[in-house]
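S.K.: The following block contains a protein sequence and its predicted model.
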Amino acid sequence: MPPLKTRFAPSPTGFLHIGGARTALFNYLYARRHGGSFLLRIEDTDRERSTEASTKAILDSMKWLGMDWDEGPYFQSERTEIYRGHVDRLLAEGKAYRCDCPPELLDAKREAALKADGKVMYDGHCRERIDVDPSKPHVVRFKGPKTGQTVVHDLLRGDVSFENSDLDDLILLRSDGGPMYNFVVVVDDILMEITHVIRGDDHLTNTPRQIQLYEALGAPLPQFAHVPMILGQDKKRLSKRHGATSVESYREAGYLPEALVNFLARLGWSHGDQEIFTLAELVEHFDLDGVGRSAGVFNADKLLWLNAHYIKECPREHLASLVRPFVEAKGYDAADTAKLETLVEVFRSRCKLLSEFADKAAPYYVRPLELQPDDARKQLTAAVAPVLEDLLQAFRAAPAWTVEALGEAFHAVVEGKHGLKIGKAAQPLRVSLVGTTVSPGIFETLVLVGRDWALERIERGIAYARANPA
Ligand code: GLU
């Protein structure tokens, strides 16, 4: 038995799609679970639709999700000579033939067929010809079997049979010499010694043709597993209509890779009723017998729930480093790591997305402050105005702008002078400073906001309290 090897083979014609990422993940997990290797191959034979930007986006998303590969990336665009060599071999063995049917004629035949019975197939006009001039424009077609059946032994679906008479002679090489998808996939999977092809079931109808090519090339078949597509809530195939579908867009929206990996693994795969899996747990438990027969339905609420879970679990320093780019994207200077870590700790239980931290952190990074109307009305009452006034004086006179000095000043005013419980003054002060009743410890908040902004905001809080009819 050759060593187990899986592959992910994206076409770089756009971002990494959620469905593609799940295919990659299943291949990755299957290889890791069984001690095999995982290969990456960029299928860029379609020169018009493939872009370098897309290749880069796909590789970035793979790395971000933590799916490291053992081999590749290979680029099909660099392997044209290899494919041509295999075409020559099939031609020499009489397993392929040249076809010079003019495209216009094929188009006309196709239209007529569509009108007649809807079955569009090449009619095999050149199949037995030996007079096609190789120096004139032509394509090379595979001389497939015309009788019998080709059976796909699928690890998930069992045996699926196809009538060979329904499969027309596939083009291997276009007239411009460019090799075609179904052919290069097979050549590569043979040469790269892939043992398991796990992919979306939208490829199932390609598989009988690919099996015939393996046979023609005298190579053993890999195992095939066609995974059901991902559906939207309306049970239609997941597409842009359902919202964001690229891995990149989830990253930008503030999802953690751990949440997305966990979510993708559970889309069509299960292990008892466990919902939360680390990557290591997935590697330990993943197998094809846990993959369901029916399609997974994309549940955005569940993804958000998982994300909130991973935000809660994330170590503080790491969470701060993840939040930093979101804070910076707002134009704030987030260089102060200690400050960011303090904020992240306070807000982590209230944020489901990394991007939400940036909104909650705004009072600590921008000067103009928005008071939450309900909090302000309730906390900044006329009765607390004198306390805030005394606090303003005491803070202004504090010997240093530190937690200790400000704490001392606060206690002297609130307990000493006004005989109040700390909470009675802390909440109004907090709303003055950051606009809401949620913040780090009150003295820490004063330090984080900084002297100038804090004094300015307390003054404004006093003005609000004096005018508050509540
Ligand atoms: N390049 C193909 C795609 O992106 C995948 C081919 C395969 O997995 O066999 O859909």
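M.R.: Arrived safely, thanks for sending.
S.K.: separation between the residue lying farthest from the centre of the chain and Gly158?
M.R.: No residue in the chain sits farther from the centre than Lys417, which is 57.6 Å out by CA atoms, centre = their mean. Distance of Lys417 to Gly158, computed by CB to CB, to the nearest Å: 82 Å. Bear in mind the C-beta positions are built from the backbone N, C-alpha and C, glycine included.
S.K.: what does Val187 give?
M.R.: Taken as CB to CB, the span from Val187 to Gly158 is 27 Å.
S.K.: out of those two, which sits in the busier spot?
M.R.: A count of neighbours by other CB atoms under 10 Å puts Val187 above the other of Val187 and Gly158, at 22 against 10.
S.K.: Quick check: closest non-adjacent residue to that one.
M.R.: In space, and not counting its chain neighbours, Val187 is closest to His86: 5.1 Å by CB to CB, 6 or more residues apart in numbering.
S.K.: do Tyr255 as well
M.R.: Using CB to CB, 6+ apart, the nearest residue to Tyr255 is Asn307, at 5.2 Å.
S.K.: now swap in Val414 and tell me
M.R.: Ala425 (4.4 Å).
S.K.: Point out the residues in this protein that sit beside the ligand.
M.R.: Where the chain comes near the ligand, counting by CB under 6 Å from any ligand atom, the residues are Ala9, Pro10, Ser11, Glu43, Val185, Arg199, His203.
S.K.: who touches the residue in the stretch 101-250 of the chain that the ligand sits nearest to in this structure?
M.R.: Distances between the stretch 101-250 of the chain and the ligand by CB to the nearest ligand atom are smallest at Arg199, namely 3.8 Å. Neighbour list for Arg199: Ala9, Thr23, Ala225, His226, Val227 [criterion: CB atoms under 8 Å, 6 or more residues apart in numbering].
S.K.: Same check on Thr445?
M.R.: Contacts of Thr445 by CB under 8 Å, 6+ apart are Arg430, Leu433, Val434, Ser439.
S.K.: Kindly report the same for Ile442.
M.R.: Phe410, Ala426, Leu429, Arg430.
S.K.: In helices, which of the residues you listed fall?
M.R.: If you go by DSSP state H, the contacts of Ile442 have Phe410, Ala426, Leu429, Arg430 in helices.
S.K.: Please tabulate the residues you listed in CSV, including the columns neighbour count and pLDDT.
M.R.: Compiled in CSV, those are given as follows (neighbours: other CB atoms under 10 Å; pLDDT from 0 to 100):
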residue, neighbour count, pLDDT
Phe410, 22, 98
Ala426, 20, 97
Leu429, 28, 98
Arg430, 22, 98
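S.K.: Quick check: of these, which lies closest to Ala463?
M.R.: Leu429 (14.5 Å; CB to CB).
S.K.: Isn't that closest one up against Leu391?
M.R.: Yes: if you go by CB atoms under 8 Å, Leu429 and Leu391 touch, sitting 6.4 Å apart.
S.K.: ok, which stretches of the stretch 351-470 of the chain are helices?
M.R.: 354-365, 373-379, 385-397, 403-411, 422-434, 442-449, 451-467 (DSSP state H, counting those that start in this stretch).
S.K.: Distance to Phe347 added to those helices, as JSON lines?
M.R.: Listed next are the helices of the stretch 351-470 of the chain as JSON lines, based on distance: least, CB to CB, whole Å:
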{"stretch": "helix 354-365", "distance to Phe347": "5"}
{"stretch": "helix 373-379", "distance to Phe347": "16"}
{"stretch": "helix 385-397", "distance to Phe347": "25"}
{"stretch": "helix 403-411", "distance to Phe347": "20"}
{"stretch": "helix 422-434", "distance to Phe347": "11"}
{"stretch": "helix 442-449", "distance to Phe347": "13"}
{"stretch": "helix 451-467", "distance to Phe347": "19"}
